[in-house]
Structures are given as C-alpha cells and as structure tokens.
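Student: Quick one: sequence plus predicted model below, questions after.
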There are 2 protein chains.
Amino acid sequence: MPRAVVLLSGGLDSCVSAAIAQEQGFDLFALSVDYGQRHARELQAARDVARALGAREHRVVRVDLRGIGGSALTDASIAVPRDRPEAAMQAAIPVTYVPARNTVFLALALGHAEVADADAVFFGANALDYSGYPDCRPEYVEAFQRLADRATKRGVEGRPIRIAAPLLAMTKADIVRRGADLKAPLHLTWSCYEGGARQCGRCDSCLLRRKGFREAGLEDPVAYEG
Amino acid sequence: MPRAVVLLSGGLDSCVSAAIAQEQGFDLFALSVDYGQRHARELQAARDVARALGAREHRVVRVDLRGIGGSALTDASIAVPRDRPEAAMQAAIPVTYVPARNTVFLALALGHAEVADADAVFFGANALDYSGYPDCRPEYVEAFQRLADRATKRGVEGRPIRIAAPLLAMTKADIVRRGADLKAPLHLTWSCYEGGARQCGRCDSCLLRRKGFREAGLEDPVAYEG
C-alpha cells in the first residue's frame, strides 16, 4: 500500500485533503506542527481527525515559530481581524500570515516522507477561497515540487515524492461537499484563529468556513459563538 | 545598511559564509537551529561566532527533528561513521544526512528574513568538498531561490529575498583561505559530528576540515583528539 504523509492542521481543508489521500489508496502518516500557535485547540482537532481517519500514525513536531514572530497567530500582541469582507481579506497579505509557515511545514513533511519512505505529501492549500497568503498558490506548490525533487535522497534516486495539494482549485463550497461525500470527519475539525470554547465565527477563517457550508447547502456540524 | 539573515551552525563553512555577508556590507541577523542534534557544543560555537562577528542579533529556533528521526545526527542509536575515505563519503548519501534539514533551516531563515525585512539569506552550503548531501548542490539552491520568490510577501511585492550560498563552488581549502583572509573567527568554530571535549578528527566532517586546512597550508586553530 503506498504511503502518504498528510499534514493535518486540525482545520477543514487539511481534513478533506487527507480524506482524498485515503480515497486514492494511501496509507496515512499524519503530521501536525506545534508552532507556538495561539491555542492548542487545533492540535487536539488534528489528533481527533487522524484517529477518525484511521491514520497509521500521528506525529506532532514542535517548531517554535514564536522565535521569529511577525504574525497575529504566533504573537499575542497582534490582534486577529474580525468581520472583514472577503474583498478586504484578499486585497493584501493579512496579519494572520505566518512568514514561511507552509514552507516550514512542507519541509518537515518532506523529511518525514523520506524517513517513512512515503510516495507523497498531501496538504490542504487552497487558492480560491483563501486568506491572501502567498504560499497557498499553484505557482508556490509547483516551486516546492521542484525543490523536493532536488532536495531529497528519493528525488536524486529518481523516485520523487509527489507534493499533492488536491484542494488548490476548489472553492470552500466544493471542499465542504467533497468532504461530505467522502464522509470525512468534518465534525471534529476546528477552523477558528481564536482559542475560545467555540469557534468565534468572525475571524477570516471562520467567515470562509461559514460561507463554504452555506454555499454547499450543508449545516456546519461545529458550533459558533452567538 | 542592508540586512542579511545568516544561518550559523557553529561550523567552519557557515562562519566564513557570514564573514562574506559582512564583507559585502550586510548587517548580520544570525540564526541557528536547535534541532535535537547530538550535542549542544555546536550551538555554543554558533553563539561565539555571532558575537565575534558583531551580529546585530542571534536567535536560536527550536525544531525537534528527532520527531522525524532517520539520521545519525538526531538518533543516538545510529553510529557516526569514522575514518572513511573521501570517495566513500561521496559515493552515497550517508547516515549523517538529516532528511530535509537544509530545507527546514532555509524555510526558517526565509521567515525570519521576512519579519526582519532582510534582503538576503546567507548559508554555507558547499558542493565540492561536501558529504554527499543532496541539499548542498547548485540545483538545490537555485530551486530554493525560485520557491522563495513565490513563498514570501516580499517576493510577491517584487522585492525578492536573495538566497546566497557563497561557498557553493569553493573547495574546503578555498574556504579556509577565504576565512583567514577575512579574519573570520575560525578558532571559535566546531565541525565535529560527535560531542566530545575535542573534535574527534575522524568523522566525515572532521576529515574534510582537516584536509581543508592542510591543503590551504594553514594550521587549524581548533584541537583534535589524539
């Protein structure tokens, strides 16, 4: 059975991305990164999703991105924006952008794929209904594939590790529908940037998630404040 | 004054790479990675080198690569090879190769460069007298530059961060000579893969270093066992 390292953030997108890897016949090696994010709620969600999907293993690697800072997600002194219209989200790279986060995550996944002899790395980047992050675009994924081919023992030996971003061209509504079709454990996911008892419903991530469920005509199984 | 993030491992190459950045007029933002390596000796060397070069700051970011394993440098149960002839070093990727290490390090340096608004990242990769690692070759560095241009806010805005590997085409002897010319603090560096009181003189890294000093006709200021 071919193996895939699946990056799980605990959110909706990475859950559906992992379910797609499973549908494609991969044995799942789940990987999450504890990078000093505001709250541990999403790592718990990642653990729950990995278990529900029957992943072979779930590793959590610690990287202290607070040592670098520069983002509302790793620096408590920077506020997470609320109630922004979508045009504002995409007009500029927002304060929730964590510099080079996806590059760090993919690098770790690539290293783990080498050790686990996995054929692919799956991650949930999405270029349509996204939050304006540069490292969620097709040209970024293509450049990382090219790097991976040159960076790894497997790449040098002619058995490249595929970098798969199956959600790249999907809308949030497509992602929700696809997840529902695959019976992915969406009820276990957590998208909110804040660490409350319930999802805030007002940060960019909550707003995009809500829109996705609304447009898919499905009810979000995870509760929101208010 | 333009700024450069300089990756400092504590070793000879990164010390000379940083000294070159300084010679080119950059203000140095030193970055080291505590990745669960066998010994803390090299991090102390990195701190000493940063101080001697008058770096503006020195950050140590923790990334637990032991969570991934697969290398003699992060897994104490895998022995570090000794007394290998150079042909053997380069014939195959050795057990001291840490999967995706340079990709993780460069990703962190890239993120830090974004936050510090630095124009360049300097690292000490060297493709000639090296230990057979895939991520120390020109095609790797070129692929990372391409990725960096697409991964970052600065890249998107047309102010790309330059990935500089000034030692890429140099022999170890060239590197030693260049370091001596620049009065780089070579006496503070540490190259050995083992964590003894002195450098072992027998691991691949010590062997390459010794050869470099010998061929440069200079005395290595750092002592060896035996």
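Tutor: Yep, it's here. Bear in mind the structure is a predicted one, so any value in this text is a computation, not a measurement. Numbering: from 1, shown residues only, chains lettered A, B, ... in the order given.

Student: May I have the strands that pair with the longest strand seen in chain A, each with its orientation?
Tutor: The strand spanning the most residues in chain A, taking DSSP state E as the definition, is strand A:27-34. Strand pairing for strand A:27-34, using DSSP bridges, gives strand A:3-7 (parallel), strand A:57-62 (parallel).

Student: Extract the residue ranges of chain A that are flagged as low pLDDT.
Tutor: A:38, A:69-81, A:87-97, A:129-132, A:226 (pLDDT under 70).

Student: switch to 90 and redo it
Tutor: A:35-42, A:61-102, A:114-116, A:126-137, A:152-157, A:191-197, A:203-205, A:208, A:223, A:225-226 (pLDDT under 90).

Student: Which residue ranges of it form helices?
Tutor: In chain A, the helices defined using DSSP state H lie at A:12-23, A:41-52, A:86-91, A:101-116, A:138-151, A:153-156, A:172-181, A:204-216.

Student: and those helices as CSV, adding mean neighbour count and distance to chain B?
Tutor: C-beta: built from backbone N, CA, C; applies to glycine. CSV is the format used below for the helices of chain A (neighbours: other CB atoms under 10 Å in any protein chain shown; distance: least, CB to the nearest CB, whole Å):
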stretch, mean neighbour count, distance to chain B
helix A:12-23, 26, 18
helix A:41-52, 21, 13
helix A:86-91, 13, 13
helix A:101-116, 26, 3
helix A:138-151, 22, 4
helix A:153-156, 20, 5
helix A:172-181, 20, 22
helix A:204-216, 21, 16
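
Student: out of those helices, which comes closest to B:Glu194?
Tutor: helix A:101-116 (22.2 Å; CB to CB).

Student: other SSEs contacting the closest one?
Tutor: Secondary-structure packing of helix A:101-116 (3 or more CB pairs under 8 Å, 6 or more residues apart in numbering or on different chains; DSSP states H and E): strand A:3-7, strand A:27-34, strand A:57-62, strand A:120-122, helix A:138-151, helix A:153-156, helix B:101-116, helix B:138-151.

Student: coming back round to it: how far off helix A:41-52 does the longest strand of chain A point, in degrees?
Tutor: Strand A:27-34 runs at 170 degrees relative to helix A:41-52, counting by axes from the mean of the first three to the mean of the last three CA atoms, to 10 degrees.

Student: and strand A:27-34 with helix A:12-23, angle?
Tutor: 160 degrees.

Student: tell me which residues of strand A:27-34 are tucked away?
Tutor: Using 16 or more other CB atoms under 10 Å in any protein chain shown as the test for burial, strand A:27-34 gives A:27-34.

Student: My read is that A:Ala46 contacts A:Leu7, right?
Tutor: No. In this structure, A:Ala46 is not within contact of A:Leu7 by CB atoms under 8 Å, at 9.2 Å.

Student: joint contacts of these two?
Tutor: A:14, A:32 (CB atoms under 8 Å, 6 or more residues apart in numbering or on different chains).

Student: Report the beta-bridge partner residues of A:Ser32.
Tutor: With DSSP bridges as the rule, A:Ser32 is bridged to A:Val60.

Student: Surely it is in contact with A:His58?
Tutor: Yes. Because the distance of 7.0 Å satisfies CB under 8 Å, A:Ser32 is recorded as touching A:His58.

Student: Mind listing the shared neighbours of those two?
Tutor: Counting by CB under 8 Å, 6+ apart, the residues touching both A:Ser32 and A:His58 are A:8, A:46-47, A:50.

Student: would you list those residues in CSV and tack on distance to B:Leu128?
Tutor: Shown next, in CSV, are those (distance: CB to CB, whole Å):
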residue, distance to B:Leu128
A:Leu8, 40
A:Ala46, 43
A:Arg47, 45
A:Ala50, 43
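
Student: which phi and psi does the residue of chain A positioned farthest from its centre have?
Tutor: Relative to the centre of chain A, the most outlying C-alpha is that of A:Glu157, 29.0 Å out, by CA atoms, centre = their mean. Here is the backbone geometry of A:Glu157 (degrees, to the nearest 10): phi -80, psi 0.

Student: Can you tell me how far it is from A:Gly54?
Tutor: To A:Gly54, A:Glu157 is 30 Å away according to CB to CB, to the nearest Å.

Student: I figured A:Val61 hits A:Ala30, correct?
Tutor: No. If you go by CB under 8 Å, A:Val61 and A:Ala30 don't touch, sitting 11.4 Å apart.

Student: ok, A:Pro85 - contacts?
Tutor: By CB under 8 Å, 6+ apart, no residues touch A:Pro85.

Student: Tell me the buried residues in stretch A:216-226?
Tutor: A:216, A:220, A:222.

Student: Test my guess that the second one contacts A:Phe213.
Tutor: Yes. Using CB under 8 Å, A:Asp220 is in contact with A:Phe213, at 4.3 Å.

Student: on that earlier part again, which of the buried residues of stretch A:216-226 sits closest to A:Glu194?
Tutor: Looking across these and measuring by CB to CB, the closest to A:Glu194 is A:Val222, at 13.6 Å.

Student: what sits against the closest one?
Tutor: A:Val222 touches A:186-187, A:189-191, A:199, counting by CB under 8 Å, 6+ apart.

Student: How about A:Ala127?
Tutor: Listed by CB under 8 Å, 6+ apart, the contact set of A:Ala127 reads A:136-138, A:168-169.

Student: Would you mind checking the residues you listed for buried ones?
Tutor: For the contacts of A:Ala127, a burial check counting by 16+ other CB under 10 Å picks out A:136-137, A:168.

Student: out of these, who's nearest B:Glu42?
Tutor: Distance to B:Glu42, by CB to CB, is smallest for A:Cys136 among those, at 35.1 Å.

Student: how close does that closest one get to chain B?
Tutor: For A:Cys136, the distance to chain B (CB to the nearest CB, to the nearest Å) stands at 10 Å.

Student: got it, and A:Gln37?
Tutor: 14 Å.

Student: Chain neighbours aside, what residue packs nearest to A:Asp48?
Tutor: A:Leu188 (4.2 Å; CB to CB, 6 or more residues apart in numbering or on different chains).

Student: Any figure for the gap between that neighbour and A:Gly179?
Tutor: To A:Gly179, A:Leu188 is 11 Å away according to CB to CB.

Student: Now the common contact residues for those two.
Tutor: With CB under 8 Å, 6+ apart as the test, A:Leu188 and A:Gly179 both reach A:Cys15.
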